[in-house]
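Asker: Whatever this is, show me its structure:
(2 chains)
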Amino acid sequence: MSLFEGVLELADDHLVLGHRISEWCGHAPMLEEDLALPNMALDLIGTARSLYEYAGKLEGAGRDEDDLAYLRGEREYRNLLLCERPNEDFAHTVLRQLYFAAFMQPYWQAALKSSDEVIVGIAGKAVKEMAYHIRHAGEWVIRLGDGTEDSAQRMKNAVEALHLYTGELFEPGAETHALPDRTALQPTWEATIDRVFDDAMLSRPVVQYPQTGGRKGVHGEGLGHMLAVMQSVHRAHPGATW
Amino acid sequence: MSGEVPLWEVFIRPRNGLAHKHVGSIHATDEVMALQAARDVYTRRGEGNSIWVVPSAAITASDPDQAAENFDPTGEKIYRHPTFYDIPEDVGHM
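Answerer: Here you go, the predicted model:
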């Protein structure tokens, strides 16, 4: 796998999850979260933009960030299945965010030592944002997991539904020194999740058959709907600029 | 939901050397969540480098009905207002 493909995978993860989080804008359970969630969405979409821009350069085929984000179909997207999972309730949302951030924070930490200067630059900014996402989402997971009967049950349901998709995080990526080894990050990720789960009165399930396929373009039905919404303006007005 | 969630007052220090200043209030279940909410609501445009949150219930405020007896008398004590001095231009802004 080329560096272009490796960067594109990362970009797709960030854009798809960023868009999912942005769907909460105007719908969050309280005003404070209505600002916090779009903050996190903007962190992710900002990182996606830098990654798409760089991917376009690496590809050298004249595609820019808009082409890569808005003019590729569902089967061309290489994002993790975890990132495209629907928001469902707030428990699903904060858990998905914790799972992703707990992976990306050590990923960017490792990427700071990359041989590629652009990757180091993107990592320097993202590593701080992901540390905050772990904290913000983690505190919510703790409060819902160790909260009321209803919130605890919803948190347990979210763990059951989403944990299936976490194995894909650690699938080997591009074979290049420019990007960190994903498989090596599993112990760090598990330690972060266990630390939060201990306080949240949750246990980390053992998954026999992890759901994968996102990296090959095999997605759940939700992604097509999401892309249709996300890409509708660009497809209706090709070449439009902001 | 917000009916059950306590209110917090948010104070932000814009930069080192300045005092924390009240910027508004937020709802949060506890002090950790209050700090996070304050960060997300009030520091999105680089407003500060330090946040305090205080339970609104911990603040005792002066009674607006007593505003006249509290604050009006100071207006009479004009000798406390240093407006009688000619300040040489070299001194500049005081």
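Asker: those helices in chain A, which residues are they?
Answerer: Taking DSSP state H to define them, one finds helices in chain A at A:3-22, A:31-59, A:65-70, A:81-84, A:90-111, A:117-145, A:149-162, A:186-200, A:221-236.
Asker: So which of the ones you listed is nearest B:Arg15?
Answerer: helix A:117-145 (19.1 Å; CB to CB). From N, CA and C alone the C-beta is placed, and that goes for glycine too.
Asker: gap between the closest one and the chain center?
Answerer: Here helix A:117-145 shows a centroid-to-chain-centroid distance of 11 Å under the convention CA atoms, centre = their mean, to the nearest Å.
Asker: Ok, stretch A:90-109 next?
Answerer: Centroid separation between stretch A:90-109 and its chain, computed with CA atoms, centre = their mean, is 7 Å.
Asker: possible to save the helices of chain A as JSON lines with mean pLDDT and mean neighbour count?
Answerer: Listed next are the helices of chain A as JSON lines, based on pLDDT from 0 to 100; neighbours: other CB atoms under 10 Å in any protein chain shown:
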{"stretch": "helix A:3-22", "mean pLDDT": "97", "mean neighbour count": "24"}
{"stretch": "helix A:31-59", "mean pLDDT": "97", "mean neighbour count": "20"}
{"stretch": "helix A:65-70", "mean pLDDT": "94", "mean neighbour count": "19"}
{"stretch": "helix A:81-84", "mean pLDDT": "98", "mean neighbour count": "25"}
{"stretch": "helix A:90-111", "mean pLDDT": "98", "mean neighbour count": "24"}
{"stretch": "helix A:117-145", "mean pLDDT": "98", "mean neighbour count": "20"}
{"stretch": "helix A:149-162", "mean pLDDT": "98", "mean neighbour count": "17"}
{"stretch": "helix A:186-200", "mean pLDDT": "98", "mean neighbour count": "17"}
{"stretch": "helix A:221-236", "mean pLDDT": "95", "mean neighbour count": "14"}
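Asker: Next, see if the biggest helix by length in chain B gets close to chain A.
Answerer: Across chain B, the helix with the greatest residue count (assigned by DSSP H) is helix B:31-42. Yes. Applying CB under 8 Å from any CB of the partner chain, one finds that helix B:31-42 is in contact with chain A at B:Val32, B:Met33, B:Gln36, B:Ala37, B:Asp40, B:Val41.
Asker: Burial check on the first one, number of neighbours?
Answerer: Spelled out, it's B:Val32. Using other CB atoms under 10 Å in any protein chain shown, B:Val32 is surrounded by 14 other residues.
Asker: Just give the closest residue to it, not the sequence neighbours.
Answerer: A:Glu139 (5.8 Å; CB to CB, 6 or more residues apart in numbering or on different chains).
Asker: before we move on, the earlier item: quick one, which of the helices of chain A gets closest to B:Tyr85.
Answerer: Using CB to CB, those put helix A:31-59 closest to B:Tyr85, at 47.9 Å.
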